[in-house]
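In: I would like to see how this sequence folds:
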Amino acid sequence: MSIILVVDDDDQLRKSFHKLLTEEGYTVLTAASGEACLLEVREKTPDLVILDVQLPGINGLETFKSLNRIDPKLPVIIMTAFGTTETAIEATQMGAFDYVLKPFEIPEMLKIIEKAIEAGRFMRSPVDMDVSPDETAHDALIGRSPAMQEVYKAIGRVSSTDATVLIRGESGTGKELVARAIYQYSQRREKPFLVINCVAIPDTLLESELFGYEKGAFTGAIHRRIGKIEQAHGGTIFLDEIGDMPVTLQSKMLRLLQEKSIERLGGRETIPTNVRIIAATNRDLEKAIAEGRFREDLYYRLKVVTIWLPPLAKRSDDIPLLAEYFLARYAGKNGIDNPGITEEAKTLLKGYRWPGNVREISNVIQKALIFNRGTPLSPEDITLSVTEKPSVKETGTRDLDEALRQMIRKELMNPSDKHLFDACIDRFSGILIGEALSMTDGNRSRAAKLLGLSRPTLHAKIDKYKIRIETTVKE
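Out: Numbers count the residues shown, from 1 in each chain. Just a heads-up that it's a prediction; the model follows:
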């Protein structure tokens, strides 16, 4: 469960934050001064600090500087009144995750909090490489095939440099893990690592997200906003799905790479930058260039070093290792014994095409584990969970229905409970609620929304089914 420290000398605001964030599933600490904040951080190691600029004693900016010295990877959100916006901007330029003006909208604040915690997890969570599946509890690049050995070598060679890296490969091959590994082995590993998904952010917002804007740049721009590139000064920006970046923004990215400078939206000041760019795409960039959808000069600036991630179908010998890794990972995450997997099931897994790559085999193993009865995963377990269709997503409902039917048939053939109907409903309900909590990192409010339940109803069912709430393990 993520721990959030709220620092403000307003007692009522601290109480309001405590109530709001506790209901969202977070563990909440509070402090009324900068000195108390630093003490809490040293003793409790929170995942996020929400820090007011105006504090008694040590002010918010000086407190942030001290926090940065204690833990440079600790995300900090600055709260400020309109009159102290410049101080908040200064903190953001020094590495604060973001700042919000008081009074703020609660839904927007919750979104920023969620993004900040995710950014902190990316910076702090190691990515292991070339390890045995049973030797890691971390995110990992798994595989011993010649193709994966080349990937490991490339990461090792490029990490110690400041070269721009372009990671290419099909969807689901693990491009984000490669980017995180490069960052974690680089000389910039104590500075920010920020992820920008060029598809997830609307075109109209992507420019201001990256480059920031000046007051009056557009309707609603009531103050200056620092973009992610300035915010990540000294660190690394990972531009995911860069093949989908609008052409209108590509010229600005080219200037960043060529001149190491940017201009904020609506501004004329040239701002020097010091960031490393790692980009990734599953697009055919050569085709996009030929069709005028991607700038050729930007393409050559990005591909100083190119790392190709092979599709799973071209490294089938790694499939058993991946199956063992995901089996151990999901068993640990769900607090159940690892049942293992038979050699016959491994052979069957190697025979599939895996159009969804590593992401697909992860989903298949998770599904097989959910419906497994404690014995090693068999070919039957795999057959119920895998599909030869282009993607699991397209046929997910049909696969799930069939898997449920198979489980029910087994129970009806060998009933182990006098109240079989209630037992089956309870088992499925427990799995459903457990997965919703797992997907939301233990956040009960978001899990309730996913399930279409009220929070009191969800709480009652958690107690009824004795569900253990597992959250992301903090490294």
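In: what about the strands in the chain?
Out: Along the chain, counting by DSSP state E, strands occupy 3-7, 27-31, 48-52, 76-80, 98-101, 127-129, 139-141, 165-168, 193-197, 236-240, 261-262, 271-272, 276-281, 305-308.
In: Can I get the longest one in CSV, CA atoms only?
Out: Right, strand 276-281. Coordinates of each C-alpha in strand 276-281 appear next as CSV, following Å, rounded to 0.1, in the frame of the first residue of the first chain:
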residue,chain,number,x,y,z
ARG,A,276,18.6,12.2,-22.2
ILE,A,277,16.0,11.0,-24.6
ILE,A,278,15.1,7.3,-24.9
ALA,A,279,12.3,6.6,-27.4
ALA,A,280,10.4,3.5,-28.4
THR,A,281,8.0,2.5,-31.1
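In: elements contacting it?
Out: Other elements packing on strand 276-281 under the criterion 3 or more C-beta pairs under 8 Å, 6 or more residues apart in numbering; DSSP states H and E are strand 165-168, helix 175-184, strand 236-240, helix 247-259. Every residue, glycine included, has its C-beta placed from N, CA and C.
In: Please list the outside residues in contact with it.
Out: 162, 164-169, 175-176, 178-179, 182-183, 186, 188, 235-244, 253, 256-257, 302 (C-beta atoms under 8 Å, 6 or more residues apart in numbering).
In: Now with 6 Å, please.
Out: 162, 164-167, 175, 179, 188, 236-240, 242-243, 302 (C-beta atoms under 6 Å, 6 or more residues apart in numbering).
In: what about stretch 192-203, distance to the chain center?
Out: 11 Å (C-alpha atoms, centre = their mean, to the nearest Å).
In: do the same with stretch 136-153
Out: In terms of C-alpha atoms, centre = their mean, the centre of stretch 136-153 is set 20 Å apart from its chain centre.
In: what's the farthest-apart pair in the contacts of strand 276-281?
Out: Largest separation among the contacts of strand 276-281 by C-beta to C-beta: 188 and 243, giving 24.4 Å.
In: Compare the two and say which one has the larger neighbour count.
Out: Higher neighbour count among residue 188 and residue 243: residue 243, with 22 against 19, using other C-beta atoms under 10 Å.
In: picking that back up, and of the helices and strands packed on strand 276-281, who's closest to residue 429?
Out: Counting by C-beta to C-beta, residue 429 lies closest to helix 175-184 out of the helices and strands packed on strand 276-281; the figure is 32.9 Å.
In: just the angle between that closest one and strand 193-197, please?
Out: 160 degrees (axes from the mean of the first three to the mean of the last three C-alpha atoms, to 10 degrees).
In: could I get helix 175-184 in PDB with only the CA atoms?
Out: Taking C-alpha atoms only, helix 175-184 is exported to PDB below (Å, rounded to 0.1, in the frame of the first residue of the first chain):
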ATOM      1  CA  LYS A 175      10.300  -1.900 -24.500                       C
ATOM      2  CA  GLU A 176       9.600   0.000 -21.300                       C
ATOM      3  CA  LEU A 177      11.600  -2.500 -19.300                       C
ATOM      4  CA  VAL A 178      14.600  -1.900 -21.600                       C
ATOM      5  CA  ALA A 179      14.200   1.900 -21.100                       C
ATOM      6  CA  ARG A 180      14.100   1.500 -17.400                       C
ATOM      7  CA  ALA A 181      17.100  -0.800 -17.400                       C
ATOM      8  CA  ILE A 182      19.200   1.800 -19.400                       C
ATOM      9  CA  TYR A 183      18.200   4.500 -16.900                       C
ATOM     10  CA  GLN A 184      19.000   2.400 -13.800                       C
END
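In: can you state the direction angle for it and strand 276-281?
Out: 170 degrees.
In: Who are the packing partners of helix 175-184?
Out: Using 3 or more C-beta pairs under 6 Å, 6 or more residues apart in numbering; DSSP states H and E as the contact definition, the elements that helix 175-184 packs against are strand 127-129, helix 146-159.
In: how about that helix: buried residues?
Out: Using 16 or more other C-beta atoms under 10 Å as the test for burial, helix 175-184 gives 175-184.
In: what angle do that helix and strand 236-240 make?
Out: Going by the same axes, to 10 degrees, helix 175-184 makes 170 degrees with strand 236-240.
In: Going by distance to residue 105, which of the buried residues of helix 175-184 wins?
Out: Using C-beta to C-beta, the buried residues of helix 175-184 come closest to residue 105 at residue 176, 29.6 Å.
In: okay, now the closest residue to the closest one other than its chain neighbours: neighbour count?
Out: Closest residue to residue 176 apart from its sequence neighbours, by C-beta to C-beta, 6 or more residues apart in numbering: residue 240 at 6.5 Å. Per other C-beta under 10 Å, the neighbour tally for residue 240 reads 21.
In: do residue 203 as well
Out: Applying other C-beta under 10 Å, I find that residue 203 has 12 neighbouring residues.
In: Now do it against residue 248, distance only.
Out: 8 Å (C-beta to C-beta, to the nearest Å).
In: now residue 277
Out: In this view, residue 277 and residue 248 are 18 Å apart by C-beta to C-beta.
In: out of those two, which sits in the busier spot?
Out: Per other C-beta under 10 Å, whichever of residue 277 and residue 248 has more neighbours is residue 277, with 22 against 10.
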